[in-house]
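Asker: sequence first, predicted coordinates after that:
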Amino acid sequence: MKTITGINLILLVSSVLGEEVCRDVDSGWNICETDHTINRIEDKNAIFKTVLPVDLTSDTTVGENIFSTPKLEHLYLRFPYISKQNRSSAHSLTLLPNSFAGLPRLEKLNIENTNLRFTKGNTWASVGSLTKLHLRRCNLLEVPTGMLESMPSIEELTLEDNEITALHPHDFTPLKKLKELDVSSNKITTIAPGTFDGLNRLRELDLSFNAFPATPELLKGLSLLKELRLSKCFDDNGFQPHVFQEVPHLEKLQIAFNNITRLTPGMFDGLFSLRELSLYGNKIREVPTGVFERLRYVKEISLADNDIEKIVPGAFGFLELDNLILSLNRQLKTILTDTFRGLTVRRLSLAKCHITTLEPKAFNITRVTRMLDLTENFLTEVGTNDFAGLKTKDLDLSQNPIRKIAQDAFKDTDLKRLGLFGTYVKITDRAKLGLEETVEIMK
């Protein structure tokens, strides 16, 4: 402890006197500073010569021509995390015109948790090789278009969790090769028409956690977009399905936490290529027919944590899914007869839904190739025809207060394993319940 205290005291005194202080920052990398200005970063037999993480704890200036590390490909400049409420107290990072000179192979630059400042002159002229730029929690008030003009090779841009309030036409014009854009968790209230014009290669866009209007031409110019995240991002007028008219080739769509109350037939019909759809955390009360049946390529649908009270039989038609997630719908008391008729799915989750009643043949002509998860509901018994017509590998009824299973309850059910952990039933006669002797009971 005395040794550590002595080292810290030497560093403090040296800093006060304006002397250069050097320290090992990561497995053979050496950083030297004078008065909070980085003068040199050197490779002292670094184990990883292409990646350098630098953790900073006070206001810092990155000096000019400090690198002599031509093999460096990934550079991380990180300050301690500061919550949004205390962002004004973040330490500053000042960059000079030649702060990144000497890095001809730099591909990824990540700067986090700071007040990012630039002096006059082109700080970025020497990093034209960058393909990935992440500026998270840097207190940016707008898209740094001037900076981006020097980075024509950028393919991945993250401006997550800044203070940006608007997106304008030409903000991203310099980035002709851009494939991924993340401007989530800002304060964006305006996205002007034409903002995304020219981004013909963009495939992934995250606009989540902002508050802008759902205008019809919001996504104009993104006709080849594949992945779109729009969670909790609309103003008081809410979500409108017409925002999808400009992005017909979407494969992944996330519109969670948007206070959506109704699913309307045909609302996703224009998204013929959709493979994953998340409506997690909305306020949907009913799942009608005609919403998903034209999504012939969809493999995953999540309606978890809504307020679903009713699933109209046939709502999922004859879809073939990997996952159908309906868990955490605490108003879903009853599963109606033929609710999932014709559905083929690898995993169907109805966990934690407060289900008390399964109508006869609720899962009639339903094929669940891996698991039907009904755990942590309020089922007290299994009736004769509750699971009639179901074909599955695993049926998990664990953590339900089940006290009774009717005679021949599983006579018309094809299953391999039955989960009964945390229930009150004891099975002594499989044949009486209609179970094959080969069925494994998990209890």
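Answerer: It's in.

Asker: distance check, Asp171 against Ile191.
Answerer: Distance from Asp171 to Ile191, counting by C-beta to C-beta, to the nearest Å: 10 Å. Where you see a C-beta, it was placed from the backbone N, CA and C, and this is true even at glycine.

Asker: same thing with Thr344?
Answerer: Taking C-beta to C-beta, one finds Thr344 at 39 Å from Ile191.

Asker: likewise Gly290?
Answerer: 30 Å.

Asker: who has more neighbours, these two?
Answerer: More neighbours surround Ile191 than the other of Gly290 and Ile191, with 22 against 16 (other C-beta atoms under 10 Å).

Asker: list the contacts for the more buried one?
Answerer: Neighbouring residues of Ile191 by C-beta atoms under 8 Å, 6 or more residues apart in numbering: Ala166, Leu167, Leu207, Phe212, Thr215, Leu218.

Asker: ok, 7 Å please
Answerer: Each residue near Ile191 by C-beta atoms under 7 Å, 6 or more residues apart in numbering is listed here: Leu167, Phe212, Leu218.

Asker: Cys32 now?
Answerer: The contact partners of Cys32, by C-beta under 7 Å, 6+ apart, come to Glu20, Val21, Cys22, Asn39, Arg40.

Asker: same check on Ser278?
Answerer: With contact set as C-beta under 7 Å, 6+ apart, Ser278 has these partners: Gln254, Ala256, Ser302.

Asker: which ones among the residues you listed map onto strands?
Answerer: Among the contacts of Ser278, DSSP state E puts Gln254, Ser302 in strands.

Asker: any chance of the contacts of Ser278 in CSV, with pLDDT too?
Answerer: Output for those, formatted as CSV (pLDDT from 0 to 100):
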residue, pLDDT
Gln254, 98
Ala256, 97
Ser302, 98
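
Asker: of the contacts of Ser278, buried ones?
Answerer: Neighbour-count burial (16 or more other C-beta atoms under 10 Å) applied to those gives Gln254, Ala256, Ser302.

Asker: got a markdown table for those, with distance to Pro265 too?
Answerer: A markdown table is the format used below for these (distance: C-beta to C-beta, whole Å):
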| residue | distance to Pro265 |
| --- | --- |
| Gln254 | 21 |
| Ala256 | 21 |
| Ser302 | 19 |
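
Asker: ok, Arg87 - how many residues close by?
Answerer: Neighbour count for Arg87, taken as other C-beta under 10 Å: 17.

Asker: you'd agree it is in a strand?
Answerer: No. Assessed with DSSP: H, G, I helix; E, B strand; the rest coil, Arg87 is helix; it does not lie in a strand.

Asker: which ones are touching it?
Answerer: By C-beta under 7 Å, 6+ apart, the contact set of Arg87 is Asn139.

Asker: same question for the one 3 residues further on.
Answerer: Ala90 makes contacts with Phe79, Ile82, Asn113, Thr114, Asn115, Asn139, as judged by C-beta under 7 Å, 6+ apart.

Asker: now, those residues that are in strands?
Answerer: Those of the contacts of Ala90 lying in strands (DSSP E): Asn115.

Asker: okay, the contacts of Ala90 in CSV with pLDDT, neighbour count and distance to Met151 next?
Answerer: Output for those, formatted as CSV (pLDDT from 0 to 100; neighbours: other C-beta atoms under 10 Å; distance: C-beta to C-beta, whole Å):
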residue, pLDDT, neighbour count, distance to Met151
Phe79, 95, 23, 22
Ile82, 85, 16, 26
Asn113, 96, 21, 22
Thr114, 96, 25, 19
Asn115, 95, 18, 21
Asn139, 95, 18, 20
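
Asker: how about TSV for the contacts of Ala90, with distance to Arg370 added?
Answerer: Below are these laid out as TSV (distance: C-beta to C-beta, whole Å):
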residue	distance to Arg370
Phe79	44
Ile82	43
Asn113	41
Thr114	46
Asn115	50
Asn139	46
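
Asker: wait, which of the contacts of Ala90 is closest to Ser99?
Answerer: Thr114 (13.7 Å; C-beta to C-beta).

Asker: the closest one and Arg78 touch, don't they?
Answerer: No. Counting by C-beta atoms under 7 Å, Thr114 does not reach Arg78; the two are 8.5 Å apart.

Asker: how about the helices in the protein?
Answerer: Along the chain, the segments classed as helices by DSSP state H run 2-16, 145-148, 430-433.

Asker: export the last one as PDB, just CAs?
Answerer: The reference is to helix 430-433. Extracted in PDB, the C-alpha atoms of helix 430-433 (Å, rounded to 0.1, in the frame of the first residue of the first chain):
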ATOM      1  CA  ARG A 430     -48.500 -43.200 -17.300                       C
ATOM      2  CA  ALA A 431     -50.900 -45.300 -19.300                       C
ATOM      3  CA  LYS A 432     -53.800 -43.900 -17.300                       C
ATOM      4  CA  LEU A 433     -52.900 -40.400 -18.500                       C
END
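
Asker: which residues touch that helix?
Answerer: Identification of contacts with helix 430-433 by C-beta under 7 Å, 6+ apart yields Ile405, Gln407, Asp408, Ala409, Phe410, Ile427, Glu437, Val439.

Asker: distance check, the third one against Phe100.
Answerer: Think Asp408. According to C-beta to C-beta, Asp408 stands 74 Å off from Phe100.

Asker: how about the second one?
Answerer: For Gln407, the distance to Phe100 under the criterion C-beta to C-beta works out to 76 Å.

Asker: neighbour count winner among those two?
Answerer: Neighbours per residue (other C-beta under 10 Å) separate Gln407 from Phe100, with Phe100 holding more: 23 against 10.

Asker: can you pull the contacts of the residue lying closest to that one once chain neighbours are set aside?
Answerer: Of all residues not flanking Phe100 in the chain, Val127 sits nearest, at 4.8 Å (C-beta to C-beta, 6 or more residues apart in numbering). Residues near Val127 by C-beta under 7 Å, 6+ apart: Phe100, Leu103, Leu106, Leu109, Met151.

Asker: per-residue confidence for the second one?
Answerer: So that's Leu103. As predicted, Leu103 sits at a pLDDT of 89.

Asker: tell me which residues touch it, please.
Answerer: For Leu103, the contacting residues are Phe67, Leu72, Ser126, Val127, by C-beta under 7 Å, 6+ apart.

Asker: repeat for the fourth one
Answerer: With contacts defined as C-beta under 7 Å, 6+ apart, Leu109 is in contact with Leu75, Val127, Leu130, Leu133.

Asker: under the pLDDT cut-off, which ranges of the stretch 51-200 of the chain? List them.
Answerer: Filtered on pLDDT under 70, the stretch 51-200 of the chain yields the residue ranges 120-121.

Asker: now the strands for it?
Answerer: 51-55, 60-62, 74-78, 92-95, 108-112, 115-118, 132-136, 156-158, 166-167, 180-182, 190-191 (DSSP state E, counting those that start in this stretch).
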